[in-house]
Every structure is written in structure tokens, then in C-alpha cells.
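In: sharing a model prediction with you, sequence too.
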Amino acid sequence: MSRKEASMEAQKAMLADYFRRLAAAPGERRPVVYTFVPGNLVELLAAFDVLPVYPEINALQSAMRQRSSGFIREAERAGHSEDVCSYVKCDLGMMMKGNVGPTGEKIPPPDLLLLSFTGCFTFLKWFELLREQYNCEVAMLHVPYQGDGVITQEMRDYVVRQLRNEVIPKLEKVSGRRFDEAKLQEHLSRSARAEEDLVHTFHAARRRPSPIDAYFGGVYYIAPIFTSFRGSEAACGYYSALRQEVDARLAAGEGPVTPEGTLAKERFRLVFEGPPNWTSFRDFWKIFYDEGAVAVASTYTRVGGLYDRGFRHDPSKPLETLADYCLGCYTNLSLPSRVDLIAEDIKTYGADGFVFHSVKSCNSFSAGQLHMLREVEAKTGVPGAFIESDLVDGRYYGHANIKNRVESYLQMLAARREGQEPPRAPEGSP
Amino acid sequence: MTYHLGVDLGSTTSKAVLVDEQERVVGRGITNTRANYDVAVEVARREALVDAMLGLVAPRAGGDPEAIAVAFRVEQDLRRLGRLRELCRTVAATIPGEGARLGPAMDTILAKLQDEADALFAGAQRDRGSFFRDLVGARFYATAEASFERLGVDFERLTGVYDRAILTVENEVEDLAFDRTVRAALDRAEVEPSAARAEAEREAGRLARKPLAVTSVVGTGYGRARLPFPKEQLRSEILCHGLGAHAMFPGTRTVLDIGGQDTKAIQVDPRGLVTSFQMNDRCAAGCGRYLGYIADELNLGLHELGPLALQATKPCKINSTCTVFAGNELRDLLSVGERRENILAGLHRAIVKRAMSLIARSGGAHEELTFTGGVARNPAVVDALRDLVARHYGPRTINIHTDSIYTGALGAALFALRGTPAVDLPVKECQGCTD
């Protein structure tokens, strides 16, 4: 971003510090746990003083630094098909090339593979491959799918039982520490504090013009809380600073910050479904901000928790709250729940339209998206756009094609809004 | 009278349509894009303006306006052929060591083409959409093949010179002497001298000195970003195809456009405004280019594919519209002795199956469906579309306009008419007028 805000600088420093600590972990005999973003149990990991590694975050960071193609090629050379999730291949390729992380520092091998969410079926296979490679301890938490759109007490109890009987004993084993519930509670209270500020930030998009971009800017806003920092003082500081910045923009009536400065005029308010493309993130974003299109809400910024719908980590029920968190993240929602969420976002945030970005190599979450799009259209009367590329495989990103689709869509919205009188049919031919 | 121009810079062809303030189409122009958008748009624009000017003159001259229009195009082509001959001599002279023999050999072949020109350009197969390159190319190759040994030159050398020269001819913005060409066309169409003809010639002279002024322009198509227009004068081809199809057939609710490298399924409301659309992703499988590739593989002209496919007795099942995979399937089937016609029928059906998926994704085929784009001229694709639409959606009216290739440009012209600010393309002054 052209105008680096204090929160951005803080986030950068936090990330650099995290990768430094990670690189130093083996020397300090500090255990490392590989886990995934949706339903992550970072407060629990912090309570055992172990460091988390998120392979999909490494993959997207590699893609933003234009390094994912080489890693994917490496994985394909090793026999992984072109159709396999590109996060997986990017991660495996990175591992094959020495497991050097996005900042150039080596990422240590895992002491434990913690599969804390099973809504993405690829996660299972991914960790099977890693287990084969690292031959380390594995803890698997089976999270029941919210097929009926609700979390029942049975589902909660089932997850809590697994936390007690499977996850915590394994963490005790690899860390050599006893489970300290009070310590977990401290982390959970800090989580709730940061979550409050995060929600305040995203709710700011209800205003016109929106002071934030809840998708392209949103991915930066969620980064600390979805990954290693939730429950830390650093995260509390970050979200407090972010909240102040957003409030200041609100007060000044300013639009969101883009890589080319503050957006001068908000022309379209959009809701986004699906993760962004990471290999051409800036180009992808530019297509939208060049047209004055702002994301006012997105589902991707809820894969690590639906905080805006009221969920907060509750230190008074430490294990139950972790269970609710795993069960409630966006990726665990059924198709009808996802449709309802998007339709409500369109209404709540006064959106002119919505965009589905479908990911070629993601079978778990791209399936059913077209049907969802039609359902959202039927519920809201607002037309949607459908674009396709990939997460971190640059071969699937066709800039001219996507730009054409997006521009066409926005022009379609503009024509609808203007309600232009069409010309009469011309006489003669054609 | 004000005139409004729509230019559609497609990946294969560039089109221009001029409408007047009554929304009547008064001129059309088309040219091969050949990866040079800047020239293509100027050629198409000039052609549309000339077409419009001819439209003002021809009906007043006292002859059959359509015959005069055909004669005008023949005269234009003859002029281009003269230019081609001149260029072939120039290019041949630059070939080290061979210029002395190649130059006269090229000249002999081009002279023969000039002798045959009347039949070549005015023949029954000639229509508005056939390009000078296609008409002349086939004849040049045949003549060169038949005479290169006698002329004592290498065939490849001849075609090499020709390819360079034709490219230049195509990419030259024609220096058209409108009034002179009108006179020649009136003679060719055997329009008797009369007061009407004299007035028509005077009008042609006036137009040659002061061509029609364009009030507003909108650009669309794949290369629209190349146009020197502000953003407000650019429209997505999806919106333009929707509006253009509605203008051609006001009952249109679904538009299928298969162009050179895009396939689009578009839903429009009763006003021609787009409500939903789907298009192929970055893979251009099953688009016009795919047919071009198949034509090359089979050593056929693009226009020959459809009619051949219609002769199929038992269409083959083709699994892929991926150009590479389909190429493999094509060779596999040929190697086991399958008839070309049957293979082609299968390939055409595969294209439509892919289009059907986009139609479904965009919201289905509603009454009426208008089929646009260059591929709509292929009768085998049309047949397959009729069949598959009827099977999936029941009886539907399928509209195909003879000028469907201009749909996007027409939509753009209509958007221009709606009050887009006037920033015209930079106009190159006509230098060739004699009056």
C-alpha cells in the first residue's frame, strides 16, 4: 500500500518476528506444530508454548512473492497431479526445496501435525503426505459438519471430548508440559478483545463510502487473528490500532486505502465469496479499484471465524469455546447457510452486487458455487458475477479474461442502476 | 443528420457499424485484426464510413443500388490487387540473389490474377463478409503451384513474397478516392448517363471532399483497451452483444455469441440490458480459433468445414473441445479410417455442447435465442445448436442474422447514440480525391 499505515507496519514487524522465532525454535528446543487456519486452536498451542505453522499461509505468502510456480512444478515432478489443490503442491514443493519460508528463513519440521478441522477433506490427505515425510506425531480432531446449519450440544460435546482425549494429551507429549487451563483462559480473553476490534473494523463497511475494503484489504486485517497471533498482546495492539485508523477514516469520510492511495470515489459496493487469487493479487485488486468497486463484505474473511455474527472466544468455557470456534467457521457451513450469509451481507452492507471467485483446484469449496450464486440472486434480486482462477497456481489466472468479465459485470450493474432507456430497434439490417 | 459509430475490436476480425440518429444502420466495415488493432480499427471505420457514403449516393444514381454496391466493392478489390502487384514486385526485389527472377515471376502471376479479377471478385460466392485476402489467396496459391516450374522459381519463395505483400496490403489504410471509385462502379454496373447519375457523381465528389462526420463513438471487443478513448466510451462486448442482438431481434432474451476466442452466453431483459452472463475462462477451447485450427489440420478453408460436416452419415463422438486434445482425436480417428465428414460433425457438436454448458450456467435458453459472432455463420454449428437447445429447453426460436458478425459493433453504435461524449478516432485525411 502506498500510504503505509501504522497497523500495516506493525503487522509486518509481527510477521518478521514470528518467522524469526520459528527459525530459532529447534535451537531453543521449542516444539513446532503444523496446523490449518480454519478452526485453528492457536490459544491452546500458546498455552503449551509451542509455535504453530500454517502451510496454506506459507503457500499464499510464497505466491504473493512469485515463488509458488517453482514449488508447484517441483511437486508435479514428484508425481502430484495438475488437479491437486495448489496449496498442497506449493507446500510440498517448498518442503522438497528445503522448507525455506517466505521470508527466507528455514521453517523447522513439525513435532506434531494437528489436524484441527476436517471440513476441507484435502487437509486429511495433505497431512497424510506430511506424516509420511516427517514421521511425526499426528493429532486429528474430527469436526462435525454443520449440515443442518446449527451447532448442537452433541456436536460440541463430541469435539470437547476429542480435545480432552486426543489433542491435549498429544500436546502434553510433544511439549513436555501439563495442560494449564488458566493459561489458556488468559489467551482466550485476549482473543476476545482483539475480536471485538476486528468486528468493529468490518462493520465500518456499512457506511458510505466504506472506509475499508473488506476483501482485498480484509485479507490483511484478518492475517494476525486467523493465524499465529490470536490471543497475543501483539494482536490486541494491532487491532486496537487498526480500529483507530478505521475510525479516523470514517470521521474523515474517506474511502479504503488501495495500493495506489485512498480510493477517490466509491462506485460499486460488492460482496465477495471465495478466496482471492494470490499469484496476481495486486493486479486482481486493481481491476476492481480502477472501477471504484469496493468490497463491503466477504466470506473469505470468515474462514477463521464468524465473529461479526456474535461469536467471541469465551474464557469462562475454554474447551467449549474452542469447540464452537471449530464448528462455526465459514468453511464448516452448509451450502444453504453460506447462501443465507451472503444474501444477508448484501442487505446489511447495501451491496450493489456480489462476486464469486471460484478456485480451479479447490474441489471442497468451489463445488456448488454456481448453484449458490443462483440462490443468492433469487433471494436478493441482485445479479452476481462468476470468475475463475486459482489460489497459488499462476497458470490458471488469465488477467485479460478476468478483467473483461469484471468490467462487463460492473457495466451491467451500472446500466441496471441508470435504468437507461434502450434505443428502438433499427430499421433495415442488421 | 448525425452519425454514431460503434467499433468492435475482436480477436479475429474488427468491425465498425455506423448508425444515424434514426437508429438506422447506414454503414458497416470489417477487416482481419491480424494482431494489429490500431490499423484494423481504422480500416473498419473507414470502410463503414465509405459504406455509409455509398448508401447515400447509390440509390440516387438511377441504377440498381445493390448492383452498384457490388460493383463498388469489386472496384475496391481491383485497386487493392493493383497495389498487391506493385508490392510483390518491390518485396521480390529485396530477396538477395533471386530478385531478378522472382520479381518478373510474381508479376506474371499477379497479372494473371488481374485478368481473372472480374470473376474472382464479382463471383457468386462473394459476400460482404469475404475478405480480399481469402479471395485472392486461394487463387494465388493455385496459380503459383501450377506455374512455378515453368517460371523457374521456387514455390516457397513465391509464397514467402506473397505473404509479406498481402500483410502490408491488409494493414494499409486505404487511400480511397471515393468519387473516382463511385464513377468506376457506376460504369461497371452499367448505369446510363442521366441527370440522376450526374447528381450522384457530384454528391460523391462533395462527400469525397467532406466525408461524413461522426458525432459519437463507442468501442468494444477484446482489443477495446487499445482505443484512444476515455473509459466512458468503452463498453464490454457482453453489453454490446446484448443490445445489438436486441436491436436485430427485439424478442431476444438469450444471446449466444461464439467469437474467435470467447464464447459468451448472455441473458437480456426486454430492453436489451444484460441481466446475467457467463463466458469461457482463459481456455479458448470450442471457440472460433478451434475451428480455424481444425481447418488447418485438414487443409481446408474455414468456410468449408460446416458444409462438409453437414454431409456426415454417422457423426463421431468427440470428447474434447480442447484444441490440443481434439487435434489428437482428429488424427486418431483419421488414422483408423473414419470419414472426415463424420469427424467434423462430431467436432461441431462438441463446440455446441460446451456452449450449452455456458448457456445453462447463465440461466438457460429463453425464448428467443439469438446466435451471434463469426461462428454463427457455420451451418453445422447452427444445426447442432438447434438440436441441443430443443432437447434441453424445448422449442425455441433461434435467430441468426446474416450480419450477425456486426452485432457487437451495432450495440456499441447504439450505446454511442445514447449520448456518449464525442471523442472520435484520429482521422487520417483522404489524399486521393481528384475532384
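Out: All right, it came through fine.
In: in which helix or strand would I find the residue of the stretch 1-150 of chain B found nearest chain A?
Out: Nearest residue of the stretch 1-150 of chain B to chain A, counting by Cβ to the nearest Cβ: B:E23, 4.3 Å away. C-beta: built from backbone N, CA, C; applies to glycine. Assigned by DSSP states H and E, B:E23 belongs to no helix or strand.
In: how is the chain partitioned into domains?
Out: This is for chain A. Chain A breaks down by automatic domain parsing into domains covering A:19-180, A:185-417.
In: meant chain B actually
Out: The record's domain parsing of chain B by automatic domain parsing lists B:71-170, B:250-400.
In: so after the worst-scoring helix or strand of chain A on mean pLDDT, what's the next helix or strand?
Out: Using mean pLDDT, DSSP states H and E, the weakest-scoring helix or strand in chain A turns out to be helix A:363-366, at a mean of 82. Downstream of helix A:363-366, the next assigned helix or strand under DSSP H and E is helix A:369-380.
In: so for that following helix, what's the average pLDDT?
Out: Averaged across helix A:369-380, pLDDT comes to 94.
In: got the CA positions of that helix in PDB?
Out: Output in PDB follows, covering the C-alpha atoms of helix A:369-380 (Å, rounded to 0.1, in the frame of the first residue of the first chain):
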ATOM      1  CA  GLN A 369     -20.800 -22.300  -6.100                       C
ATOM      2  CA  LEU A 370     -22.800 -21.700  -9.300                       C
ATOM      3  CA  HIS A 371     -25.900 -23.100  -7.600                       C
ATOM      4  CA  MET A 372     -25.200 -20.800  -4.600                       C
ATOM      5  CA  LEU A 373     -24.900 -17.800  -6.900                       C
ATOM      6  CA  ARG A 374     -28.300 -18.500  -8.400                       C
ATOM      7  CA  GLU A 375     -29.800 -18.900  -5.000                       C
ATOM      8  CA  VAL A 376     -28.400 -15.600  -3.800                       C
ATOM      9  CA  GLU A 377     -29.700 -13.900  -6.900                       C
ATOM     10  CA  ALA A 378     -33.100 -15.400  -6.300                       C
ATOM     11  CA  LYS A 379     -33.100 -14.300  -2.700                       C
ATOM     12  CA  THR A 380     -31.900 -10.800  -3.200                       C
END
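In: could you list the buried residues of that helix?
Out: Across helix A:369-380, burial judged by 16 or more other Cβ atoms under 10 Å in any protein chain shown covers A:Q369, A:L370, A:M372, A:L373, A:E375, A:V376, A:E377, A:T380.
In: the residue sitting furthest away from the middle of chain B in helix, strand or coil?
Out: Largest separation from the mean C-alpha position in chain B: B:G97, at 38.5 Å (Cα atoms, centre = their mean). At B:G97, secondary structure determined by DSSP: H, G, I helix; E, B strand; the rest coil is coil.
In: now do A:L114
Out: strand.
In: what about it, how many neighbours?
Out: 27 (other Cβ atoms under 10 Å in any protein chain shown).
In: now A:L129: closest residue in space, sequence neighbours ignored.
Out: Nearest non-adjacent residue to A:L129, counting by Cβ to Cβ, 6 or more residues apart in numbering or on different chains: A:L92, 6.5 Å away.
In: how near is the one you found to A:Q66?
Out: 18 Å (Cβ to Cβ, to the nearest Å).
In: counting neighbours, go ahead and name the busier of these two.
Out: A:L92 (24 against 11).
In: I'd say the more buried one and A:H80 touch.
Out: Yes: if you go by Cβ atoms under 8 Å, A:L92 and A:H80 touch, sitting 6.6 Å apart.
In: quick revisit: just checking, the residue of the stretch 1-150 of chain B closest to chain A touches B:L414?
Out: Yes: B:E23 is within contact range of B:L414, at 6.8 Å (criterion: Cβ under 8 Å).
In: between these two, which is the more surrounded one?
Out: Legend: neighbour count by other Cβ under 10 Å for B:E23 and B:L414, higher for B:L414 (28 against 18).
In: pLDDT value on the more buried one, please?
Out: At B:L414, the pLDDT value in this model is 95.
In: what of the one 10 residues further on?
Out: According to the predicted model, the pLDDT of B:D424 comes to 48.
In: what is the helix or strand that contains the residue nearest to A:L129 packed up against?
Out: If you go by DSSP H and E, A:L92 is part of helix A:86-96. Here helix A:86-96 touches helix A:55-64, helix A:68-77, helix A:121-134, going by 3 or more Cβ pairs under 8 Å, 6 or more residues apart in numbering or on different chains; DSSP states H and E.
In: name the residues of the second one that are buried.
Out: What that stands for is helix A:68-77. A:S68, A:S69, A:F71, A:I72, A:E74, A:A75, A:E76.
In: distance of the residue lying closest to the fourth one once chain neighbours are set aside from chain B?
Out: Right, A:I72. Spatially, and ignoring its direct neighbours in sequence, A:I72 is nearest to A:K89 (4.6 Å; Cβ to Cβ, 6+ apart). Counting by Cβ to the nearest Cβ, to the nearest Å, the gap from A:K89 to chain B is 19 Å.
In: count of residues packed around whichever residue of the stretch 251-400 of chain A sits closest to chain B?
Out: Closest contact between the stretch 251-400 of chain A and chain B, by Cβ to the nearest Cβ, is at A:G398 (2.7 Å). Residues lying near A:G398 (other Cβ under 10 Å) number 19.
In: likewise for B:E66?
Out: With other Cβ under 10 Å as criterion, B:E66 counts 11.
In: give me the below-cutoff pLDDT ranges for chain A.
Out: A:1-4, A:419-430 (pLDDT under 70).
In: which SS class is the nearest residue to B:Y162 once chain neighbours are set aside?
Out: Closest residue in space to B:Y162, ignoring its immediate chain neighbours: B:F140 at 5.7 Å, by Cβ to Cβ, 6+ apart. Here B:F140 is recorded as helix under three-state DSSP.
In: who's in contact with B:F140?
Out: B:F140 makes contact with B:I109, B:L110, B:L113, B:Y162, according to Cβ atoms under 8 Å, 6 or more residues apart in numbering or on different chains.
In: could you identify the most distant pair in those?
Out: Pairwise distances across these peak at 10.6 Å for B:L113 and B:Y162 (criterion: Cβ to Cβ).
In: which regions of the stretch 151-300 of chain B sit below the pLDDT cut-off?
Out: Using pLDDT under 70, the flagged stretches of the stretch 151-300 of chain B are B:173-176, B:282-285.
In: so which residues on it come close to chain A?
Out: Where the stretch 151-300 of chain B comes near chain A, counting by Cβ under 8 Å from any Cβ of the partner chain, the residues are B:222, B:235-239, B:243-244, B:246-248, B:250, B:262, B:271-282.
In: show the buried residues in the residues you listed.
Out: B:222, B:235-239, B:243-244, B:246-248, B:262, B:272-281.
In: got a list of contacts for the lengthiest helix in chain A?
Out: Using DSSP state H, we find that the single longest helix of chain A is helix A:181-203. With contact meaning Cβ under 8 Å, 6+ apart, helix A:181-203 is reached by A:42-44, A:46-47, A:212, A:214, A:218, A:221-222, A:224-225, A:230-233, A:235-236, A:238-240, A:242-243, A:246, A:297, A:301, A:305, A:307-308, A:311-316, A:318, A:321.
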